[in-house]
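A.B. asks: Next come a sequence and a model predicted from it.
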Amino acid sequence: MSSESRLYTFSTPTKDKLRKFRLSTSRAKDPQAVICETTPVEELIDALPVAKAMLYAGAKELMRNESEAGKVIEIDDAEDLLQMEQKLKGEE
């Protein structure tokens, strides 16, 4: 068992929901999204000791791995959200 899995985990229902989620499928007519809000490490760096900043980064990476996401699109501000269509098309 890796060290991060001993520090924090996702519940089984959350894992199941993430695994079933897909941006588009033959069953879904419209694009779907799972929105997870996180505080950027840069904002936490002054408030947290280095060890806790590493825990935060590890938790974020665990979320990516547990969700088995093929593509992760990070939205940092409202402007990024307005450019979502281009991001989905890969036209960043």
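C.D. replies: Now that the structure is in, tell me what you want to look at.

A.B. asks: When you work out contacts or count neighbours from here on, use the C-alpha atoms and nothing else.
C.D. replies: Noted.

A.B. asks: isn't Ile73 right next to Lys87, touching?
C.D. replies: Yes. The criterion here is CA atoms under 8 Å, and Ile73 meets it with Lys87 at 7.4 Å.

A.B. asks: of the two, who's got more company?
C.D. replies: More crowded of Ile73 and Lys87, by other CA atoms under 10 Å: Lys87, with 15 against 11.

A.B. asks: and the more buried one, what helix or strand is that in?
C.D. replies: Assigned by DSSP states H and E, Lys87 falls within helix 84-89.

A.B. asks: could I get that helix in PDB with only the CA atoms?
C.D. replies: Extracted in PDB, the C-alpha atoms of helix 84-89 (Å, rounded to 0.1, in the frame of the first residue of the first chain):
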ATOM      1  CA  MET A  84     -13.900  25.600 -22.000                       C
ATOM      2  CA  GLU A  85     -15.100  24.800 -25.500                       C
ATOM      3  CA  GLN A  86     -11.600  25.500 -27.000                       C
ATOM      4  CA  LYS A  87     -10.000  23.400 -24.200                       C
ATOM      5  CA  LEU A  88     -12.300  20.500 -24.900                       C
ATOM      6  CA  LYS A  89     -11.400  20.600 -28.500                       C
END
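
A.B. asks: Could I get the buried residue list for that helix?
C.D. replies: Met84 (16 or more other CA atoms under 10 Å).

A.B. asks: in the chain, which spans are helices?
C.D. replies: 3-7, 12-20, 41-44, 50-67, 78-82, 84-89 (DSSP state H).
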